[in-house]
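Q: Turn this into a structure:
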Amino acid sequence: MAINTTFNPAYGRGVVVSPAASSASSEIGGGSKSIVLTNLGANVCYVRVGGSAVTATTADYPVLSGQQVSLGKFQDYTHVAYISADGTSLHIIAGEGM
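A: Now for the predicted structure:
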């Protein structure tokens, strides 16, 4: 049985990035089991969580314009990769819970 807890963000560690047509990534640090992604822009972006060499493609998880999603991750995953063909703005913050 899964137990869901309210998301507890790692305050002061959130970043705002600008996904573009080429994949880029940002370090979110290890140790947390969740991330929350908020698409602040007008276009869809795609994300992938992994180690330092992670790359996102349009086959990865979509975050629609104006939407917020919470994703679970392995504790040792330290980076989030992102891509958006038309560009957007994405807020990323790690934490615990969903």
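Q: Contact partners for the residue nearest to Ser52 when sequence neighbours are not counted?
A: Closest residue to Ser52 apart from its sequence neighbours, by CB to CB, 6 or more residues apart in numbering: His79 at 5.6 Å. Placement of C-beta: from N, CA and C, glycine included. Counting by CB atoms under 8 Å, 6 or more residues apart in numbering, His79 touches 25-28, 49-52, 54.
Q: Those residues: which two are farthest apart?
A: For the contacts of His79, the farthest-apart pair by CB to CB is Ser26 and Gly51; their separation is 13.1 Å.
Q: what sits opposite the residue nearest in space to the middle of the chain in the beta ladder?
A: Residue closest to the average C-alpha location in the chain (CA atoms, centre = their mean): Leu37, at 4.6 Å. Counting by DSSP bridges, Leu37 is bridged to Val69, Ile92.
Q: quick one: contacts for it?
A: Shown in contact with Leu37 (CB under 8 Å, 6+ apart): 47, 63, 68-71, 80, 90-92.
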